[in-house]
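**Q** Would you be able to build a 3D model of this:
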Amino acid sequence: MAKKIVIIGGGAGGASTAARLRRLDETAEIIILERGEAISYATCGLPYYIGGVIENRDELFVQTPTAMQNRFQIDVRVRHEVLQINRKQKEVTVRDLNDGRTYTESYDTLVLSPGAYPLIPNIPGTDLKNVFALRSIADNDRIKDYITNHPIRSAIVVGGGFIGVEIAENLTRLNLEVTLLEMTDQVMSNLDYEMAAFIHHELRAKGVELRLNTGVAAITETDDRLNVALSNGENLSADIIILAVGIRPNTKLAADAGLELGITGAILVNDQLQTSDPDIYAVGDSIQIRDLVSGRDSWLPLAGPANRQGRILADILAGRVEKYSGAQGTAIAKIFDLTAASTGLNEKNLKKWGIPYLSLITHSSSHAGYYPGASPLSIKLLFSPENGRLLGAQVVGYEGADKRIDVLATALRFGKSVYDLAELELAYAPPFSSAKDPVNIAGYAASNILNGDVKIITWDQLLSQPPGNAVLLDVREPDESHLGSFPEAINIPLHQLRNRLDKLPKDQEIVVYCYVGLRSYIATRILMQHGFTRVKNLSGGYKTLNTVIKDRALQAAKPAHLEPVGV
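**A** Residues are numbered from 1 along each chain as shown. Next comes the predicted model:
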């Protein structure tokens with residue numbers, strides 16, 4: 001007898017489950033119940049439609065209900081809201097939003113894929129007509145319609161996550177004056193602060209007024225103009241506000257049905273994606289998963305994992321032996337001309353969970369420097385001090401960040417170490433890379449740390465030291481140093497270092513730096529081999545440290561010492 005599978009939610013996880021299951025089982029009765037007007041649409045593409053990068057709205061739809069019904073013989077019911085799950089009778093109560101009627105639908109197996117919902121701050125004014133959230137096609141259409149039919153000059157975006165920075169860029173493309181508010185000291189929490197500082201620079205350079213450590217206290221309206229009271233006591237005004245402060249797993253149906261939730265607040269599932277009810281499964285943004293790096297319970301609402309979960313669940317429902325092993329949170333975003341990407345754990349989470357780690361930052365060229373068009377590419381690695389296993393990686397740059405993060409994500413997925421990164425044989429031709437790819441370079445640098453060839457100091461460790469605690473040695477050329485340096489630093493160009501060793505004390509810590517860290521590494525090796533035992537190389541060089549200091553100054557949190565001079 002054919003099984004009847006009812007799927008609640010037609011997004012990435014639900015649609016993937018249905019399509020894969022039909023490819024494996026022609027006899028199953030498959031029903032998708034979707035509260036909205038569309039299934040399987042590109043949520044990640046919504047900001048780009050608002051900004052006009054994607055011109056045709058239809059291009060946002062990966063699959064339509066009619067096409068899915070015709071191709072897969074799946075009963076797709078849009079505008080059908082599931083009100084209740086009756087586990088004992090194995091049926092759901094459904095309201096047809098087209099005509100208002102309510103009916104019940106039985107199931108043999110129920111799949112929950114309700115996704116997530118946007119978090120709306122509990123402040124006055126979020127219900128005003130020109131205050132919007134962006135999560136669904138309906139949200140998208142409301143924003144697009146309002147911008148098209150009203151004289152909009154300015155916008156405020158609240159929240160600096162993926163959607164926040166992407167909608168800020170796309171509103172700027174429409175020639176609006178855009179202010180981006182973020183309650184913490186950085187945008188894009190998947191990155192560590194010093195990597196996010198490069199994004200802060202890009203946003204400001206492209207005309208976005210970035211206000212960090214700033215929240216919204218209240219919103220009021222005067223003659224279609226919005227007045228925003230900020231948490232710091234200031235006031236702003238704008239024609240439109242987009243709320244992008246985050247999302248939460250949509251678990252109401254599951255909780256009301258008595259299904260168990262995990263410690264993250266998402267639906268608890270096992271490695272078969274099975275809930276606490278053996279006849280109910282769940283996928284997508286509403287479920288708790290295992291973080292691959294830490295092994296901890298986590299919530300990672302991303303399209304890639306949701307699609308993967310749908311495919312695995314279909315295999316399980318078709319009788320195949322499969323299990324879902326978890327996710328590592330690989331993510332990428334475009335911020336104007338800059339690309340920022342990450343995989344695995346960042347430093348904040350490693351500290352929070354007490355996981356031992358080492359870190360380093362390298363700045364390489366996106367391809368061979370002698371071939372025109374090369375641009376800077378910054379890579380941060382986080383790895384185990386015991387065996388070098390990769391724990392996380394972040395890449396920020398104007399070209400080639402996408403392929404480097406994919407290489408690093410693959411290495412992390414299969415438990416590889418920084419030694420393995422050094423061994424990778426990657427494609428090389430001058431327009432695309434260098435003979436030593438930036439991933440190789442990062443692997444070499446990390447291996448040097450583990451092998452004891454060099455000791456490093458990070459920007460935050462240096463800034464936390466008392467003034468005068470260490471001798472700062474700048475091994476750049478004098479003309480470089482004049483463009484930007486630290487007043488207390490000793491400037492000895494690398495090629496002169498061997499002849500001027502007597503100028504340096506052997507009984508004090510010496511922190512060596514250049515612009516990106518390569519020349520200072522060479523200088524560190526010279527010093528170590530001449531009896532200097534307290535030598536550290538500044539990870540990421542002057543470029544990283546100066547980026548942080550300038551960003552902090554713009555946040556009115558300038559350090560008390562190590563203030564750079566020049567530009």
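
**Q** residue contacts, Gln309?
**A** Shown in contact with Gln309 (Cβ atoms under 8 Å, 6 or more residues apart in numbering): 13, 16, 273, 283-284, 287, 324. C-betas here are computed from N, CA, C, even on glycine.

**Q** go with 10 Å
**A** 12-13, 16-17, 113, 269, 273, 281-284, 287, 289, 324, 327 (Cβ atoms under 10 Å, 6 or more residues apart in numbering).

**Q** before we move on, what about Leu230?
**A** Contact analysis of Leu230 by Cβ under 10 Å, 6+ apart lists 156, 181, 211, 214-218, 236.

**Q** Make sure Leu174 is actually in contact with Ile50.
**A** Yes - look at Leu174 against Ile50 with Cβ atoms under 10 Å: they come within range, at 8.0 Å.

**Q** Neighbour count: these two, which is higher?
**A** Ile50 (25 against 13; other Cβ atoms under 10 Å).

**Q** Now that that one has come up, it's in contact with Ile242, right?
**A** Yes - the pair Ile50 / Ile242 is scored as a contact, 9.0 Å apart, by Cβ under 10 Å.

**Q** Could you tell me which residues touch both of the two?
**A** 132, 134, 139, 143, 167, 170-171.

**Q** Make JSON lines out of those residues and add neighbour count and secondary structure.
**A** Converted to JSON lines, the shared contacts of Ile50 and Ile242 look like this (neighbours: other Cβ atoms under 10 Å; DSSP: H, G, I helix; E, B strand; the rest coil):
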{"residue": "Phe132", "neighbour count": "23", "secondary structure": "strand"}
{"residue": "Leu134", "neighbour count": "21", "secondary structure": "coil"}
{"residue": "Asp139", "neighbour count": "17", "secondary structure": "helix"}
{"residue": "Ile143", "neighbour count": "23", "secondary structure": "helix"}
{"residue": "Ile167", "neighbour count": "25", "secondary structure": "helix"}
{"residue": "Asn170", "neighbour count": "22", "secondary structure": "helix"}
{"residue": "Leu171", "neighbour count": "26", "secondary structure": "helix"}
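
**Q** Please tell me how far the residue located most distally from the centre of the chain sits from Leu191.
**A** Each residue of the chain has a distance to the centre, and by Cα atoms, centre = their mean the biggest one is for Asp502: 47.7 Å. Look at Asp502 and Leu191: by Cβ to Cβ, to the nearest Å, they are 43 Å apart.

**Q** Just the ones of the contacts of Gln309 in strands?
**A** Assigned to strands by DSSP state E, the following of the contacts of Gln309 qualify: 281-282, 289.

**Q** among the residues you listed, who's most crowded?
**A** Ala282 (30 neighbours).

**Q** Gly262 versus the nearest residue to it once chain neighbours are set aside, what's the distance?
**A** Closest residue to Ala282 apart from its sequence neighbours, by Cβ to Cβ, 6 or more residues apart in numbering: Leu112 at 4.0 Å. With distances taken as Cβ to Cβ, Leu112 is found 14 Å from Gly262.

**Q** ok so, going back, tell me which residues touch the residue nearest to Ala282, please.
**A** 6-9, 13-14, 82, 85, 250-251, 253-254, 257, 259, 267, 269, 273, 275, 280-284, 286-287.

**Q** how much space is there between it and Leu253?
**A** Using Cβ to Cβ, Leu112 is found at 7 Å from Leu253.

**Q** joint contacts of these two?
**A** Shared contacts of Leu112 and Leu253, defined by Cβ under 10 Å, 6+ apart, comprise 8-9, 82, 85, 259, 267, 286.

**Q** Which residue ranges of the stretch 101-250 of the chain form strands?
**A** 102-106, 109-112, 116-118, 131-133, 154-158, 177-181, 209-211, 216-222, 225-230, 235-238, 240-243, 247-249 (DSSP state E, counting those that start in this stretch).

**Q** closest one to Leu462 among those strands?
**A** strand 209-211 (25.0 Å; Cβ to Cβ).

**Q** Please work out the average pLDDT along that closest one.
**A** For strand 209-211, mean pLDDT rounds to 95.

**Q** same thing with stretch 115-124?
**A** Here the average pLDDT along stretch 115-124 is 92.

**Q** gap between it and the chain center?
**A** For stretch 115-124, the separation from the chain centroid amounts to 20 Å (computed by Cα atoms, centre = their mean, to the nearest Å).

**Q** can you give me the end-to-end distance of it?
**A** 27 Å (Cα to Cα, to the nearest Å).

**Q** Tell me the buried residues in it?
**A** Neighbour-count burial for stretch 115-124, counted by 16 or more other Cβ atoms under 10 Å, picks out 115-118, 121, 123.

**Q** Pick the one among those residues closest to Gly388.
**A** Nearest to Gly388 out of the buried residues of stretch 115-124 is Ala116 (Cβ to Cβ; 35.6 Å).

**Q** Does that closest one touch Gly11 like I think?
**A** Yes - contact criterion Cβ under 10 Å: Ala116 and Gly11 qualify, at 9.5 Å.

**Q** Now for those two: what residues contact both?
**A** Counting by Cβ under 10 Å, 6+ apart, the residues touching both Ala116 and Gly11 are 43, 284-286.

**Q** Let me know the pLDDT of Pro467.
**A** With respect to pLDDT, Pro467 scores 82.

**Q** can you check Ala12 too?
**A** With respect to pLDDT, Ala12 has a value of 88.

**Q** quick one: it and Cys44, what's the gap?
**A** Ala12 is 10 Å from Cys44, by Cβ to Cβ.

**Q** neighbour-wise, which of those two wins?
**A** Using other Cβ under 10 Å, the more surrounded residue of Ala12 and Cys44 is Ala12, with 29 against 15.
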